[in-house]
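Q: 3D, please:
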Amino acid sequence: MIENRNRCLFCGEALSGRSDKKYCDDNCRNNHHYQMRKDDNAVIKSVNASLVKNREILKSLAANTKTMVMKEELVDANFNFNVMTSVYRTRKGSEYKVLYDYAYRIVNEYEVLILKYR
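A: This next block holds a predicted model:
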């Protein structure tokens with residue numbers, strides 16, 4: 001085998017064999033890819049946790065398909081108003097923030113309308 005000048009991207013050991021070889025073995029290759037995705041996965045898990053928490057708060061407050069609640073109830077439950085899955089605007093200009101199968105609209109500084117759909 002021809003000695004390769006490259007080093008393993010994970011452990012740094014000198015590589016031998018093919019000139020385009022990047023890792024010592026499958027273990028180093030898997031560990032390297034895991035480390036690369038680890039930070040991205042942490043961000044995704046954090047955002048998903050916030051989304052699920054917000055949805056559970058809406059679910060617990062929604063008595064039926066359309067429920068008006070005090071904004072203070074959401075604040076007291078540590079609802080994060082900056083996290084949502086999407087935004088929906090009606091033809092009349094109302095803006096609903098969507099969390100999976102629930103949506104809410106801030107009616108005024110005191111009230112929030114929660115909708116259950118789908």
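Q: please count neighbours and contacts with C-alpha atoms only from this point.
A: Noted.
Q: tally of neighbours for residue 24?
A: 19 (other CA atoms under 10 Å).
Q: again with residue 46
A: 10.
Q: am I right that it is in a helix?
A: Yes. Looking at residue 46 with DSSP: H, G, I helix; E, B strand; the rest coil, it is inside a helix.
Q: now it: how far from residue 94?
A: From residue 46 across to residue 94, the span is 29 Å (CA to CA, to the nearest Å).
Q: so where do the strands sit in this protein?
A: Taking DSSP state E to define them, one finds strands in the chain at 3-7, 14-16, 66-70, 86-89, 95-99, 102-106, 111-116.
Q: where among these is the average confidence lowest?
A: Here the strands of the chain differ in mean pLDDT, and the lowest is strand 3-7 at a mean of 67.
Q: circling back to that earlier point, for the strands of the chain, give me CSV that also has distance to residue 31 and mean neighbour count.
A: Putting those into CSV (distance: least, CA to CA, whole Å; neighbours: other CA atoms under 10 Å) gives the following:
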stretch, distance to residue 31, mean neighbour count
strand 3-7, 15, 13
strand 14-16, 17, 18
strand 66-70, 49, 17
strand 86-89, 35, 12
strand 95-99, 35, 19
strand 102-106, 39, 20
strand 111-116, 43, 20
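Q: how about a markdown table for those, with distance to residue 37 added?
A: A markdown table is the format used below for these (distance: least, CA to CA, whole Å):
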| stretch | distance to residue 37 |
| --- | --- |
| strand 3-7 | 21 |
| strand 14-16 | 24 |
| strand 66-70 | 40 |
| strand 86-89 | 25 |
| strand 95-99 | 26 |
| strand 102-106 | 30 |
| strand 111-116 | 35 |
